[in-house]
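**Student:** Got a sequence here, can you build the structure:
(chains A and B)
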Amino acid sequence: MDPTIFASAFTPLLNIASSDTMYQSMIRFAVVLAFAAVGELVAERAGTLNISAEAMLISGAFTGAVVSDHTGHITFGLICGMLAGVIVAAIQANLSHRLTIDQFVVGLTLNLFVLGLALFLDARFKPQTNVATKWRVPGLANIPIIGEALYGQPWPMYLILPTVGASWYLLFRTRWGLEVRAVGENPQSADVTGIHVNRRRRQSIYFAGLCSGLGGAVLVLAQIPINGFEAGHVGLKGIIAIGAVIFGGWTLRGTLFGCLIFGYFFALQQALPSIGYTINSQLSGALPYLAALAVTSIFAARTRQPRALAQPFIRGLT
Amino acid sequence: MVCLYALFIGIALIASAVLVWATGGDWRAVLPALINGSIAKPGRWGQTLTEAAPLLLVALGAIVATRMNLVNIGQEGQLLIGAASAAMIATRGSGIFILIFSILIGALGGAIWSSVAAVLKYWRKVPEVVSTLLMVFIATQLTGFLLTKKSLLLDRSADRPNKTQTSGQLAANTRLPYIHIFGNDISIAVPISVCIALIVVFLLNRTIWGFKLDMVGMNARVAQRFGVSERSAGIIALAIGGALAGLAGSFMFTSGTANYRYTPGFANNVGWEGLLVALVSRNQPLVAVVIALVFAGLRTGSSFLASTGIQREIVDVVRALLVLALLLPPAYVFLRGNLHRDKNKGGK
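**Tutor:** As a prediction, the model looks like this:
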C-alpha cells in the first residue's frame, strides 16, 4: 500500500495532538465543566441528582454577562453569577428537600424556567462582555504545546483551583462533609444519629449552586470566542457535568478526569473543521454528547453510586 | 385546596405581570392577546385543539413511565426521531396506506430511541434521567444530518431552493384528514389522542399490566418476589413512552405543523411542554387532557403576542411559573399535615 495514504490519514490526528489551541480550548471547556461537576459531586454525595445544574449554569452565565457589562467589572460579574446560582439552588433545595416535591420535576421545571427567563431578559439587556485579561505564569507559560493551556488562561479560570481545594476539604475533611456523605448513603441512620438530613441536603445544593453559578459566569467572561450571552453556550454542559460525576464514580479525582475527557471532546468538535478534517457538522456536533453517553455507560455499572441517590427523605418513611 | 391553587396561580400571574411591567412592556395587553390567539379569533380554537393532541400524547407517554418511577425526560428527541422516520417513509409514496404505515414507523422510531435509554439503564446502570436527556441532543444532530442527504430525508424535487434544508412536501392524499366544525379545522389526530388517553387510563388502572407497573414503582424488591421483572416492565414502559412521543411527532408531521415538511426546528419544544403537562397533571391521564388544552392555548395564544411588542419568551416564563404554582399546593398541604402530626406527637 502507498505509504502516503497512511500519512495523509494521520496528519489531521497529528495536527490535533500537536496544536496548542486545541489544548487551550480543551482546558477551558474542562474548567467550566469542572465548576459544575464539583458542585454536582457534593450535591450527589448528599443524595440529590441535581439536574438543575444546567439552570444554575445558565443563570450564572446570564447574570455574569449582564452585571459585568453594566458595572464594567469582571469581578462583580463573577460574584453576581455565583449569587444567581445560589438563588436557583435555593428554589431547588427548598422545593425538593423541604416541600418534598420530586427533585427531577423541580429540576426540569427550573431548567426550562431559567432558560426562558434568560432569553426573555436577554432580548432587553443584550449584554456585551469583554474577555478577562490573561494571567501568564512567567516561564511556565512558554512551555511548548501545553504551557499556554495550563499557565496562560484568562484569570477567572484559575478560580477552579481554590474551588476544587475547598470542596475537597469540605467534603472529605470536615464534620459537615462526613455528615453530607452519611446523608447520601443512609439517611435513616444519619437521621437517628441526630443529623438533620434534609438540611444537609439543602446545604449541599447551595454549594452546588455557588460552584455552578461561578462556572456559568466564568463561561461567559473567560471563554475567548464568547461575546455576550447565548443559550447555546451552556448547551447542556450541566448535564454533561453529571455525566462526568458518574464517570468519576462519585470521587473528586475521577470527576475532574471526566471533565478533562469531555472537555477534550468539546474542543475536538470545535477544532475539527478548522484543521481541515471535515466530517459532517451535525455528526461532530453530537460528538460530546455521544461521548458522554458512551463513557457513562461504560463506567456507570463499575462504580457504586451513593446508596440514597435521588431518593427523597421523609422522616418515618423507610 | 381549591383556594390554595387559586392563590398560587394568582401569585404566578402577578409575578409574570410584574416581570413584563419591569421590562417595559404593557402587561395589560398580554391576557387579551393570549385569549384572542387561543380561542376568541375565528378558527383559533380548532388550531388550539390540533396543537393539544401531540402535547397530550407526549404527556401520556411520560405518565406511563412515571408510574414505575422512571424519569424519561427525552421526549423532545423521541418526537424528533418519530417525525423524521415518518417523514422518510411518507415523502416517498402516497396514499392512505403509506400514511398509516409511516405513522406506525414514526411510533416505532420513537420507541426504539427511548429503548436505548432503557437498555443502558438495565444493562449498564446509566440513570435514565441522564441518558434520555443526552439523547435529545444526539437526536437533534442526527435528524439534522438526515436533512443533509438527498438519499435520506432532504427534498429530492428539482425545484428546491438551493439553501433550504427541509424534507419534501407530503403529497395531498397522504395527509391526515381534518374535521370542519363551526369554521374550525380540527385534525383527526385529536379524537385519536383522546382515545389513546382512555386506553392508557384503562391499561394503567384496570389491567394486570398496569398493576405490575404500579407494584414495581412502589417497591421493586417486593415486585420481584411476586415474579414481576423490573427489567422487562421498565423497558416496555420506556418504549411505550417513546412510541407515544414518536406518534406525536408523526401526527404533527402528517397534520401539517410545518407545512407538511420536516424542518430543522420541527419539534419546537412540544416534547418539553408535553412533559410539563404530565408533571402538572400529577400523572392522571384524564387531567392531562385538560392541562394539554391549557398549554396548547398558551402556545397558540403566544403567536398573537408579537403584535403587542412583548417577546414570546415571556410565555415560557409564565408557563414555568404556572407549573411551579400547580406543584406547590399539594406539597404545602402534605408539609402542613406532617408538622401537625409531629406537634401532636410532641404533645403526648
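**Student:** Helix or strand: which one has residue B:320?
**Tutor:** According to DSSP states H and E, residue B:320 maps onto helix B:313-347.
**Student:** neighbours around the nearest residue to residue A:193 once chain neighbours are set aside, how many?
**Tutor:** Distances taken as CB to CB, 6 or more residues apart in numbering or on different chains place residue A:182 nearest to residue A:193, at 7.7 Å, with adjacent residues excluded. For the C-beta atoms, the positions are set from N, CA and C on the backbone; glycine is no exception. Applying other CB atoms under 10 Å in any protein chain shown, we find 21 residues neighbouring residue A:182.
**Student:** what sits against residue A:182?
**Tutor:** When the contact criterion is CB atoms under 8 Å, 6 or more residues apart in numbering or on different chains, the partners of residue A:182 are A:189-190, A:193, A:195.
**Student:** Got a quick ChimeraX command for the buried subset of those residues?
**Tutor:** Buried subset of these, written as a ChimeraX selection, criterion 16 or more other CB atoms under 10 Å in any protein chain shown:
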select /A:190,195
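**Student:** before we move on, back to that, in the helix holding residue B:320, what's buried?
**Tutor:** Neighbour-count burial for helix B:313-347 flags B:313-332 (criterion: 16+ other CB under 10 Å).
**Student:** and that helix, what other elements does it pack with?
**Tutor:** Contacts defined by 3 or more CB pairs under 8 Å, 6 or more residues apart in numbering or on different chains; DSSP states H and E place helix B:313-347 against helix A:74-97, helix A:103-125, helix B:2-22, helix B:270-280, helix B:285-302.
**Student:** Show me what counts as buried in stretch B:205-212.
**Tutor:** Under 16+ other CB under 10 Å, the buried positions of stretch B:205-212 are B:210, B:212.
**Student:** And the contacts of it?
**Tutor:** Residues contacting stretch B:205-212 (CB under 8 Å, 6+ apart): B:67, B:203-204, B:223, B:228, B:233.
**Student:** And stretch A:243-252, by the same measure?
**Tutor:** A:33-34, A:37-38, A:40-41, A:44-45, A:164, A:167-168, A:171-172, A:254-259, A:261-262, A:292-293, A:295-296, A:299-300, A:302-306, B:126-127, B:130, B:134.
**Student:** Now, these that are in strands?
**Tutor:** In this view, the contacts of stretch A:243-252 have no member that belongs to strands under DSSP state E.
**Student:** Can you tell me which of those residues are buried?
**Tutor:** Buried by 16+ other CB under 10 Å: A:33-34, A:37-38, A:40-41, A:44-45, A:164, A:167, A:171, A:254-256, A:258-259, A:261-262, A:292-293, A:295-296, A:299-300, A:305-306, B:126-127, B:130, B:134, out of those.
**Student:** tell me which parts of the stretch 101-250 of chain B are close to chain A?
**Tutor:** Within the stretch 101-250 of chain B, the positions near chain A by CB under 8 Å from any CB of the partner chain are B:120, B:123-127, B:129-131, B:133-135, B:137-138, B:141-142, B:144-145, B:148.
**Student:** Out of the contacts of stretch B:205-212, name the ones that lie in helices.
**Tutor:** Among the contacts of stretch B:205-212, the members falling in helices (DSSP state H) are B:67, B:203-204, B:223, B:233.
**Student:** ok, those residues vs residue A:209, which is closest?
**Tutor:** residue B:67 (31.6 Å; CB to CB).
**Student:** was I right about that closest one contacting residue B:204?
**Tutor:** Yes - shown here, residue B:67 and residue B:204 form a contact pair, counting by CB atoms under 8 Å, at 6.1 Å.
**Student:** Find residues that contact each of those two.
**Tutor:** Shared contacts of residue B:67 and residue B:204, counting by CB under 8 Å, 6+ apart, come down to B:210, B:213-214.
**Student:** quick one: the strands in the stretch 51-200 of chain B?
**Tutor:** Secondary structure of the stretch 51-200 of chain B by DSSP state E, counting those that start in this stretch: the strands cover B:178-181, B:184-187.
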